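Peer 1: below: sequence and its predicted model.
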Amino acid sequence: MTAQANQQNATVLLRDEHDYRAWYSQLQARCVTYNIWEQVNPDGTKLPLMEPFPPELPECADYAPSTGLPAGANPTRLSDLSSAGQRAYKDDLEIYKLKMEQYKTKYARYKTEITNLQHIMILVQSTVAVHLQRTCCPPDGSIRDWIKNLRAHVGITIETEREQARQRYYSALKPPRSANNWDTWLAEYNQAVTEAETLKVPDTTQFRSVAVDFMSAVNKIAPIWAATFQSNGMDQPGVTQKDMMRRFREYMMLNHPITRNRSQKGSFCSG
């Protein structure tokens, strides 16, 4: 089952080149949610945060001792220091407190990023086929390296993606066999045309062209709607492909209500 056909499971699995685009989109969306796409993007250069080091607490032994301290003894408390030593220690202690607050802020950011990267690592490990993990995801590699390797093995060019989307779009335009399964047909058409528009397939960049294709496809099961939309809807200012589908859906739900447990086979003509 390909990523396109796996409609009941929201998680896309990567098994071969047919799954790659949907899987990559899923990965990117999850990374954006976690605000770490720049650290994962295979074409990016931003590195993950380095773990910060906490500042060192001032030690009394590093400051001028009091003259009353026995010779050779190291100061261990503030009262063991000279007046100048106490002032210097207190000044450095204030600086330490400021640096500690900065450290806490940096460490919180680091910890959040590490946790989010671990979520993405788990996502990759749980959605990529075992044979691809062995080949592309070495344990000592970064997530960015993993994605680069996966793209090299099963990635496809934008031109190939666009051609696949174009073919799916025209396949979805195959007229429904009858009005009984119009909703199943419309769901596939919606996915196909949305994918084609997203990838800027030339055949779907102009609404009028898309509308003409759609009306031709549904004319057999909804000739009255097709004629009405052609004369009164298609050229209305601001009307969109989504508006067209909404109007068609409302018409079909009124005239051909969806019945429970009906067969979903035979939605398309064979030729």
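Peer 2: Alright, I've got the coordinates.

Peer 1: ok now the longest helix seen in the chain, how far from the chain's centre?
Peer 2: Counting by DSSP state H, the longest helix found in the chain is helix 83-127. Taking the mean of its C-alpha atoms, helix 83-127 sits 28 Å from the chain's own mean (CA atoms, centre = their mean, to the nearest Å).

Peer 1: is it true that F214 touches D243?
Peer 2: No. Counting by CB atoms under 8 Å, F214 stays clear of D243, with 11.6 Å between them. To be clear about C-beta, it is placed using only N, CA and C from the backbone, and glycine gets the same treatment.

Peer 1: for the two, indicate the residue with more neighbours.
Peer 2: Neighbour count, other CB atoms under 10 Å: between F214 and D243, F214 has more, with 22 against 15.

Peer 1: tell me the phi and psi of the more buried one?
Peer 2: phi -70, psi -40 (degrees, to the nearest 10).

Peer 1: circling back: list of residues touching the helix or strand following the longest helix of the chain?
Peer 2: The helix or strand immediately downstream of helix 83-127 is helix 130-136, counting by DSSP states H and E. The contact list for helix 130-136 (CB atoms under 8 Å, 6 or more residues apart in numbering) reads L14, R15, Q125, V128, W146, N149, L150, A152, H153, V154.

Peer 1: and helix 130-136, average pLDDT?
Peer 2: Summarised as a single mean, pLDDT over helix 130-136 is 97.

Peer 1: report the backbone C-alpha coordinates of it in CSV.
Peer 2: Extracted in CSV, the C-alpha atoms of helix 130-136 (Å, rounded to 0.1, in the frame of the first residue of the first chain):
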residue,chain,number,x,y,z
VAL,A,130,14.0,-1.5,8.3
HIS,A,131,16.1,-2.0,5.2
LEU,A,132,16.3,1.7,4.6
GLN,A,133,17.3,2.3,8.2
ARG,A,134,20.1,-0.1,8.0
THR,A,135,21.3,1.6,4.8
CYS,A,136,20.7,5.2,5.6
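
Peer 1: and the following helix or strand past it, what's buried?
Peer 2: Beyond helix 130-136 in the direction of the C-terminus, DSSP H and E gives the next helix or strand as helix 143-154. Using 16 or more other CB atoms under 10 Å as the test for burial, helix 143-154 gives I143, R144, W146, I147, K148, N149, L150, V154.

Peer 1: list the contacts for the third one?
Peer 2: Going back to what we said before, that points to W146. V124, C136, C137.

Peer 1: could you redo the last one with a cut-off of 10 Å?
Peer 2: Contact partners of W146, counting by CB atoms under 10 Å, 6 or more residues apart in numbering, are V40, P42, I120, M121, V124, Q125, V128, L132, Q133, C136, C137, P138.

Peer 1: mind listing what the fourth one touches?
Peer 2: Which is M121. V40, C137, S142, I143, W146.

Peer 1: which one of these sits closest to L199?
Peer 2: Nearest to L199 among the contacts of M121: V40, at 22.0 Å, using CB to CB.

Peer 1: I'd guessed R151 sits against P42; true?
Peer 2: Yes. Under the criterion of CB atoms under 10 Å, R151 makes contact with P42 at 5.9 Å.

Peer 1: overlap in contacts, those two.
Peer 2: Y24.

Peer 1: contacts only, for T228.
Peer 2: A222, M234, R247, Y251.

Peer 1: mind giving me the ChimeraX select for the residues you listed, buried ones only?
Peer 2: Here is the ChimeraX command that selects only those of these that count as buried (16+ other CB under 10 Å):
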select :222,234,251
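
Peer 1: out of the contacts of T228, list just those in helices.
Peer 2: Of the positions in the contacts of T228, R247, Y251 sit in helices, assigned by DSSP H.

Peer 1: pLDDT for the contacts of T228 - can I get that in CSV?
Peer 2: Shown next, in CSV, are these (pLDDT from 0 to 100):
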residue, pLDDT
A222, 93
M234, 84
R247, 94
Y251, 94
